[in-house]
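In: What follows is a predicted structure for the sequence shown.
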Amino acid sequence: MPHLTSTTAGTTGTGIRTALGIPGYAHPLVAPAQWAELARPATPLDWVVLNVAAGPGTRPDPHCLEAAGRLHNAGVRVLGHLDLTHGTRPFADLLGDAHRHLDWYRVDGFLLDRCPAGRAALPEVRRALAALRAISDTAHIVLGHGSHPHPGYAESADQLVTFSGPWSEYRFSQVAEWTADYPPDRFCHFVHGVPLGHLEEALRIARWQGAATIYLTDHTDRGGRADPWETMPGYWDEIVSRVGTGVSE
């Protein structure tokens, strides 16, 4: 039975080091100022996802090369976006995209978006992760489930996205009991539609549920018609300040 916890892996709600994981902004040609903002010193970033065109694209993109290079120079970890399409993506296509991400943009790892969460898909996902680590043994791998998966996935990846959705659901969400067996830096939460007045509450929920990597935005998906992650939240400076200083309560 899922439950809400106030402590996880020996850390308290206020003792978790929280950092921002950026799911992937709009193309740097469209949003150059936002990508430049990510390279500012002292921004509390865990990683930034580079999604050129539903993956690495078909050829090196000069604007993405510049953006990735700027982030690397600032010491920020860059992850290439890989789409598992809920387990239906051909294995060869996935590896081809991974190679292009590595060869062109020198990514530090991968976010495997739309990752299946059930036990039956676990062997195939493990096979994919083994192949990715074979071509990049230092790769930081994040599985983008968007909900709590079978606990076996936690043994194979560096991080799991165990919530991705609207504030209306997050504020009443519960954490799976098995997550208490792992440290907070194993879990990520992405929440859209968070009003400024509830920012503090959202940060507190993330810490109580044991998620050390977060992304909160006031943008919404407009009922599935928009990507809420493609632009910075209107309260970017506020969230950077709160996360950077550990202020949540």
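Out: Thanks, I have the structure now. Numbers count the residues shown, from 1 in each chain.
In: Please enumerate residues in contact with stretch 65-75?
Out: With contact meaning Cβ atoms under 8 Å, 6 or more residues apart in numbering, stretch 65-75 is reached by 28, 35-36, 38-41, 48, 50, 78, 104-107. Backbone N, C-alpha and C define where each C-beta goes, glycine included.
In: What separation do you get for residue 226 and residue 192?
Out: 10 Å (Cβ to Cβ, to the nearest Å).
In: just so I have it, where are all the helices in this structure?
Out: For the chain, the helices defined by DSSP state H occupy 32-38, 62-73, 91-105, 122-135, 167-170, 199-208, 236-245.
In: tell me the angle of the third one relative to helix 62-73?
Out: Using axes from the mean of the first three to the mean of the last three Cα atoms, to 10 degrees, the inter-axis angle of helix 91-105 relative to helix 62-73 is 70 degrees.
In: Buried ones in helix 91-105, by neighbour count?
Out: 94-95, 97-98, 100-102, 104-105 (16 or more other Cβ atoms under 10 Å).
In: between residue 226 and residue 192, which one's more packed in?
Out: Set side by side, residue 226 and residue 192 show more neighbours around residue 192, with 23 against 13, by other Cβ atoms under 10 Å.
In: Strands of the chain, start to end?
Out: 7-8, 11-12, 19-22, 45-50, 78-83, 109-113, 140-144, 159-166, 187-192, 213-216 (DSSP state E).
In: Adding distance to residue 131, write those strands out as a markdown table.
Out: Output for these, formatted as a markdown table (distance: least, Cβ to Cβ, whole Å):
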| stretch | distance to residue 131 |
| --- | --- |
| strand 7-8 | 31 |
| strand 11-12 | 33 |
| strand 19-22 | 23 |
| strand 45-50 | 20 |
| strand 78-83 | 11 |
| strand 109-113 | 11 |
| strand 140-144 | 11 |
| strand 159-166 | 19 |
| strand 187-192 | 22 |
| strand 213-216 | 24 |
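In: which one of the ones you listed lies closest to residue 240?
Out: strand 19-22 (7.6 Å; Cβ to Cβ).
In: and residue 109, bridged to which residues?
Out: With beta bridges defined as DSSP bridges, residue 109 has these partners: residue 79, residue 140.
In: which of the helices of the chain has the lowest average pLDDT?
Out: Within these, the stretch with the lowest mean pLDDT is helix 236-245, showing a mean of 90.
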